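Peer 1: Build me a model:
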Amino acid sequence: MTDRHFEQIGWIGFVLIVSAYLFITIKYLDVSSAAYHLMNLAGALCMVVNAGHKKAQSLFWLNVVWALVAIIGLMQIK
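Peer 2: Next up is the predicted model:
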């Protein structure tokens, strides 16, 4: 993959995470919904890929933790 592909993956992650937050804010999604947590998980994983490629350690680990929080949220859905 080229640098451009990694950059595009990063932007997809950005859009997913910001959209998830927007949807909570405007009450389009509920904070306990699977869709919200899946958007955060997918977005964080995209950001992990991009940050890993760019060797941006703080961004990498922030998004690893963000993904783990999303997984915990998914596991709590009944």
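Peer 1: how many neighbours does the nearest residue to residue 28 once chain neighbours are set aside have?
Peer 2: Of all residues not flanking residue 28 in the chain, residue 22 sits nearest, at 7.9 Å (Cβ to Cβ, 6 or more residues apart in numbering). In short, each C-beta sits where N, CA and C put it, glycine included. Residues lying near residue 22 (other Cβ atoms under 10 Å) number 11.
Peer 1: Kindly report the same for residue 34.
Peer 2: For residue 34, the neighbour count with other Cβ under 10 Å is 13.
Peer 1: from the middle of its chain, how far away would the host helix or strand of the residue nearest to residue 28 be?
Peer 2: Using DSSP states H and E, residue 22 maps to helix 3-25. The chain centroid and the centroid of helix 3-25 are separated by 7 Å under Cα atoms, centre = their mean, to the nearest Å.
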